[in-house]
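Student: Output the structure for:
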Amino acid sequence: MKIIAAINYVVGFFLNAKKTRITYSLNYLNRARNIDRNYLDYIRLATLELVADELNSAKIEGSVAELGVYKGKFARYINQYFSQRILYLFDTFEGFNKADIDQEKKQHFSTGEQDFSNTSINEVLKRMPFVDKCIVKQGYFPQTAKDVIDKFAFVSIDTDLYDPIYTGLNFFYPLLAKGGYIFVHDYNNDNYKGAKEAVNKFCLENNITKIVLPDSCGTVIITK
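Tutor: Numbers count the residues shown, from 1 in each chain. This next block holds a predicted model:
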C-alpha cells in the first residue's frame, strides 16, 4: 500500500506541475457517448456532448452557430452533435480585425498579436461531417449577420477579444431559445482578459447568471 501511495504521489505531483488532472467522469451514465480521444480538451468537448444531448432530447428548437471558427476544430463537433441543425460559421477567416486589436491594446486586455489568419473556408468545411448543414458567413461580425433571421439553441463564441465577444453576446442572446446555451471560450484565460470583462459586463447589464468550466481556457456557460 505504501508503494502504491508513493506512486500516486509522484504521478500526481508530475501531472499537477503540468496542470493536467486525472479524474472519473460519469461512471454511472449508461448511454453510449462519442468523445473523440484526439481532442485533448476533454472537459470542453464532453460538456458540449452533454449539452447537445440535453437540447436534442428536449427538442429545443433552433439552429446552432460558432462565432470565431478559425480552423473549425471545435465547430466540427458542433456539427457532429447537432447533425440535424443548421450550423452558422461566422469568421473573417483572415484573423483579428485591426480595430479590435487596437481596442484590446488600449484597454490592456491583451496584445492581440496572435495570428489566426492561417485558415480558409475550404479547410474548415473539409472537417465538417455534415457539410450540407453548414452556412459560412465570412467577414466582420455583426455585419455578416444582418440577413440572419433565426432562433438558436446553441452558440459558441470563441473570438478571444473584448469587442467581438460583447457584440456576439448582444446579438445572440436575444435570439437564444428558452433552454438554450451559449459557450464563451477564454473566460478564465489571463492572456485574453477582455473575454471575462465582456461577459461580466453583459451579464451584469442583463441580470444573467453564468457557470464556469475548468477546461483548458476556462469556458463560461450562459443559459436562458
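Student: can you pull out the strands in the protein?
Tutor: In the chain, the strands defined using DSSP state E lie at 63-67, 87-91, 134-138, 152-157, 176-184, 211-212, 220-223.
Student: State the distance from the residue positioned nearest the centre of the chain to residue 14.
Tutor: Here the mean C-alpha position of the chain is nearest to the C-alpha of residue 156 (C-alpha atoms, centre = their mean), at a distance of 4.2 Å. Residue 156 is 32 Å from residue 14, where distance means C-beta to C-beta, to the nearest Å. (C-beta placed from N, C-alpha, C; glycine too.)
Student: same thing with residue 190?
Tutor: For residue 190, the distance to residue 14 - C-beta to C-beta - is 23 Å.
Student: do the same with residue 158
Tutor: 30 Å.
Student: and what of residue 101?
Tutor: Using C-beta to C-beta, we find residue 101 at a distance of 38 Å from residue 14.
Student: residues in contact with the residue nearest to residue 166 when sequence neighbours are not counted?
Tutor: Closest residue to residue 166 apart from its sequence neighbours, by C-beta to C-beta, 6 or more residues apart in numbering: residue 198 at 4.0 Å. Neighbouring residues of residue 198 by C-beta atoms under 8 Å, 6 or more residues apart in numbering: 162, 163, 165, 166, 169.
Student: count of neighbours near residue 180?
Tutor: Residues contacting residue 180 under the criterion other C-beta atoms under 10 Å number 23.
Student: OK, contacts around it?
Tutor: Contacts of residue 180 by C-beta under 8 Å, 6+ apart are 55, 60, 62, 152, 153, 154, 155, 223, 224.
Student: Return the members of the residues you listed classed as buried.
Tutor: Among these, those scoring as buried are 55, 60, 62, 152, 153, 154, 155 (criterion: 16 or more other C-beta atoms under 10 Å).
Student: Pretty sure the first one sits against residue 179.
Tutor: Yes. Checked against C-beta atoms under 8 Å, the pair residue 55 and residue 179 is within contact range at 7.2 Å.
Student: what do these two both touch?
Tutor: residue 153.
Student: Would you quantify the distance from residue 196 to residue 190?
Tutor: 9 Å.
Student: So for these two, which sits in the more crowded spot?
Tutor: With neighbours defined as other C-beta under 10 Å, residue 196 and residue 190 compare such that residue 196 has more, 21 against 10.
Student: Which residue, other than its chain neighbours, is closest to the more buried one?
Tutor: Nearest residue to residue 196 in three dimensions, chain neighbours excluded: residue 187, at 5.3 Å (C-beta to C-beta, 6+ apart).
Student: what sits against that neighbour?
Tutor: Contacts for residue 187 (C-beta under 8 Å, 6+ apart) come out as 195, 196, 199, 212, 217, 218, 219, 220.
Student: From those residues, list just the buried residues.
Tutor: 195, 196, 199, 217, 218, 219, 220.
Student: Got the confidence number for the third one?
Tutor: Going back to what we said before, that points to residue 199. At residue 199, the model reports a pLDDT of 98.
Student: Hmm, it is touching residue 173, no?
Tutor: No. Using C-beta under 8 Å, residue 199 is not in contact with residue 173; the gap is 11.1 Å.
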